[in-house]
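*Asks:* Predicted model follows, preceded by the sequence.
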Amino acid sequence: MPREGIDDEVLNKTFRLGVDSGLLDSALLPLLAELTSRRLGLLCFLQGKDFRRKHGVWIAQTAGIVFEQGVWKRVPIKTAESTTFFVLHEKLSEIGFVDWAGCQPGYVFEAVHEYKDPAKSTSKNLNRLLRNAGARGGVEVLHSLRGDGIDEMRAQDIDGRARRLQAGHTLGDEHDQYGFRALSASACHQLATAKLKRKIDWSIFRDIDFEKLATARRS
């Protein structure tokens, strides 16, 4: 079935239920998916060392491979552009998430790596969260947040090449592939400081104890 976007009311209820769950992945992964347009699989594998400053804004970037319990593991990426850096909106810094996440010695969302397939199990959990918030199953799903984020970039007049790089999509024609396969300084500033069209209730994320959320586990 064709996917549909998530309206603001359901989005904010999803955020509220996620924070109230007391679990870091439920509280922050929907917001990250909305604001970065990146695939859930990549977001699940973010580590503290992946966060850094560039062009005066916060970015995140995975090398595409991680060392876990003595074994090298491939991060679930689909395109070469998935390994390029992406911009973190300044709101993520304002709520304290970026500072906390960047200090983590390993995975930011450590709890999801207790699953055999972190991305698959987390997708199921978050789609259930969306349905509990009023989303219509099958068409209003977690992946809709990625589409919503791309629509948000269109509404902010982010150009096509920058949108594709931010979302980790393959670059389009030959012209797009010339130059660095990375966001420019001006695009970084535009993405980080854009006035969001979505009416997100930021009070939901006020005074979050990220450490407490990170140590909690599903029963």
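*Replies:* It's in.

*Asks:* How is Arg154 assigned, secondary-structure-wise?
*Replies:* Under the three-state scheme (DSSP: H, G, I helix; E, B strand; the rest coil), the conformation of Arg154 reads as helix.

*Asks:* start to end distance for stretch 185-204?
*Replies:* Distance across stretch 185-204, first residue to last, is 31 Å (C-alpha to C-alpha, to the nearest Å).

*Asks:* Give the buried residues for it.
*Replies:* 187-192, 194, 198, 200, 204 (16 or more other C-beta atoms under 10 Å). Glycine gets a C-beta too; all of them are placed from N, C-alpha and C.

*Asks:* Now do the same for that stretch: mean pLDDT, whole number.
*Replies:* For stretch 185-204, mean pLDDT is 95.

*Asks:* So what touches that stretch?
*Replies:* Taking C-beta atoms under 8 Å, 6 or more residues apart in numbering as the criterion, the residues outside stretch 185-204 that touch it are 8, 11-12, 15-16, 19, 34, 54-59, 87-91, 94-95, 148, 152-153, 155-156, 158-159, 162, 165-166, 183.

*Asks:* Buried only: go through those residues for me.
*Replies:* Going by neighbour count (16+ other C-beta under 10 Å), the contacts of stretch 185-204 have 11-12, 15-16, 19, 34, 55, 57-59, 87-91, 95, 148, 152-153, 158, 162, 165-166, 183 buried.

*Asks:* Mind checking which of these land in strands?
*Replies:* Secondary structure assignment (DSSP state E) places 57-59, 87 from the buried ones among the contacts of stretch 185-204 within strands.

*Asks:* Below-threshold pLDDT in the protein: ranges please.
*Replies:* Under the criterion pLDDT under 70, the flagged ranges of the chain are 78-81, 172-180.

*Asks:* how does it look with 90?
*Replies:* Low-confidence regions of the chain, defined here as pLDDT under 90, cover residues 1-3, 62-84, 168-182, 219.
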